[in-house]
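K.L.:
coords below, sequence missing:
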């Protein structure tokens with residue numbers, strides 16, 4: 001929103017332009033006064049429009065990321081599902097990985113591929129490669145191209161931490177999930193689990209380790 005205030009239109013007497021946009025549940029706003037500047041009103045309005053466009057782009061980007069993650073997460077039938085039979089998500093303490101398992105000719109096979117070690121895409125490639133080798137799949141490309149969105153790991157963490165009460169840590173997610181998505185997700189969880197002191201401590205440690213300066217998130221911990 002961009003609004004221009006003339007004399008007597010603002011209850012506090014402000015005369016100028018206000019820019020306000022909600023970005024990822026956070027109000028971003030700035031006031032441009034016509035009085036305390038050498039710029040013309042047209043120049044001020046131009047600056048306000050530029051800022052508004054920037055914030056709207058950030059809003060749309062955040063919304064797009066949430067929508068994509070939500071659509072993918074709704075498709076999950078199991079907390080560990082990747083969408084490919086034989087490959088599952090796992091989180092152990094400070095590590096996320098793809099766990100491959102199956103049976104060929106009555107012989108079981110299994111192996112873990114660390115996402116934190118190899119990176120998300122390379123760990124997925126290695127997992128698909130190992131599955132193909134042991135199951136003799138001919139359609140490797142179709143399996144590999146079905147790479148799940150990494151935000152599915154949030155479902156795994158939530159299930160393990162809050163439902164199974166397992167010792168998994170935010171540090172496992174930090175190298176994999178983008179900071180803006182994690183911060184937004186932390187806020188959702190802290191609203192739902194307001195009295196969970198261990199999780200609040202986890203979030204505070206993450207904020208300290210990554211120099212996160214989010215006043216709203218800090219107030220919730």
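P.N.:
Ah, there it is. Given the structure is predicted, the values throughout are model-derived calculations rather than measurements.
K.L.:
mind listing what's buried in stretch 121-137?
P.N.:
Neighbour-count burial for stretch 121-137, with 16 or more other C-beta atoms under 10 Å as criterion, is recorded at 123, 124, 125, 126, 127, 128, 130, 131, 132, 134, 135. In this view, the C-beta of every residue, glycine as well, is placed from N, C-alpha and C.
K.L.:
separation between residue 27 and residue 216?
P.N.:
With the distance defined as C-beta to C-beta, to the nearest Å, residue 27 ends up 10 Å from residue 216.
K.L.:
please enumerate the helices of the chain.
P.N.:
41-74, 115-118, 120-135, 140-144, 152-158, 179-192, 197-209, 215-220 (DSSP state H).
K.L.:
looking at these, which is closest to residue 5?
P.N.:
Residue 5 lies closest, by C-beta to C-beta, to one member of these: helix 41-74, at 11.7 Å.
K.L.:
what about the closest one, average pLDDT?
P.N.:
Helix 41-74 shows a mean pLDDT of 75.
K.L.:
which ones are touching residue 17?
P.N.:
With contacts defined as C-beta atoms under 8 Å, 6 or more residues apart in numbering, the neighbours of residue 17 are 2, 3, 4, 5, 31, 32, 34, 44, 45, 48.
K.L.:
tell me the two of the residues you listed that are most distant?
P.N.:
2 and 34 (14.1 Å).
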